[in-house]
Each structure stands twice: as C-alpha cells, then as structure tokens.
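1. Sharing a model prediction with you, sequence too.
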Amino acid sequence: MPLVALGAGLVFGLLRRFDPRALLVLGLGAFLTYTTTYVPLIVSAIALAVRGTATVGWRWWAFTGLLGIATAITWDHPVTFGGALLAAPLMVVGAVVAEPIWRVVERPTRGRVLTFVILARICAPALTGVLDLALRSRAP
C-alpha cells in the first residue's frame, strides 16, 4: 500500500498540473480503480475533483491518502497497520515529487532532463527492486 499511495500521489499530482478538470481526474481514478487490484483510487479522485481547479495543499493530499486507506479497509483489501500509517504521508510525498517533474516538462533544460532520466530510469527502479527483494525475503 505505501508504494501505491506514493504512485497515486505522483500520478494525480502530475495530472492536476497538466489538466485539473474534475471529469478528467475522475476518469483517471475510475480507470485506475478498474485496472488495478490495489487501493480503489476512485475515492481519492473524487476528493481531488471536488477541489476543481483550486490548488491542492499538503493537507488535502494527506486527506486523499487517508480516504484511500479507509476505502481499502472497507473494500476488503488486506491492509497492515504500518502500511496504512505510511500511505497518507507518502501520497503527500508523491504529490511533492510531481512538482520537480512538472518543472522538467514545463521548461526542459539539458541538466534537468538528464537528472530526471537518471533518477527515473536508474535510481527509482533500483530503489523499488531493493524494496521488493527485502519484502520477499521476509515473506513467509
């Protein structure tokens, strides 16, 4: 759940920078809910769509993460207490990470693009790979 919350914050943060229209946010949330078996993201999408084109602060991102946790619990997904505690702050972190990515898209310079490519294509897969191996080694 923590990685899903991080990814959802990143996706919704970038989407709101590209186009914050409520129907688009709702459509992406419905699509992600339909295509994944993780957290039903439509509830978080509804919370973001309610804001419309207004800016979304860290409190609102944390609120959407908490809504995702509550929905996952009632949706009968196995949720660990530690994962639930990390999901709301990681949704905020994902939205914060979306800002520098948006700056690369908005004004691409050679340095920004190279930094983004190195982080996105080398560091992020290495980090998630290490996390995956650590979790697999502890699984019963």
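-> Structure's in. What do you need? Residues are numbered from 1 along each chain as shown.

2. number of nearby residues for Val4?
-> When neighbours are counted by other Cβ atoms under 10 Å, Val4 registers 20. Heads up, the C-betas are built off the backbone N, CA and C, glycines and all.

3. Kindly report the same for Phe116.
-> By other Cβ under 10 Å, neighbour count at Phe116 equals 16.

4. which stretches of the chain aren't confidently modelled?
-> 1, 37-39, 72-84 (pLDDT under 70).

5. What is the neighbour count of the closest residue in space to Ala5 that isn't next to it in sequence?
-> Closest residue in space to Ala5, ignoring its immediate chain neighbours: Ala87 at 3.9 Å, by Cβ to Cβ, 6 or more residues apart in numbering. By the criterion of other Cβ under 10 Å, Ala87 has 25 neighbours.

6. The one 5 residues further on too?
-> Under the neighbour criterion other Cβ under 10 Å, Val92 is assigned a count of 22.

7. same check, this time on Thr53
-> 9.

8. Now do the contacts for it.
-> Contact partners of Thr53, counting by Cβ atoms under 8 Å, 6 or more residues apart in numbering, are Pro20, Arg21.

9. Next, it: secondary structure please.
-> coil (DSSP: H, G, I helix; E, B strand; the rest coil).

10. Go through the longest helix along the chain and flag the buried ones.
-> Looking across the chain with DSSP state H, the single longest helix is helix 81-106. Neighbour-count burial for helix 81-106, with 16 or more other Cβ atoms under 10 Å as criterion, is recorded at 83-84, 86-95, 97-98, 101, 104.

11. how close does Val25 get to Ala45?
-> Remark: distance between Val25 and Ala45 (Cβ to Cβ, to the nearest Å) = 5 Å.

12. Need the outlier residue of this structure, farthest from its centre.
-> The centre of the chain is farthest from one residue, Pro140, which by Cα atoms, centre = their mean lies 27.9 Å away.

13. Just the strands from the chain, written as ranges.
-> Here the chain has no strands by DSSP state E.

14. quick one, domains of it?
-> 2-98, 108-140 (automatic domain parsing).
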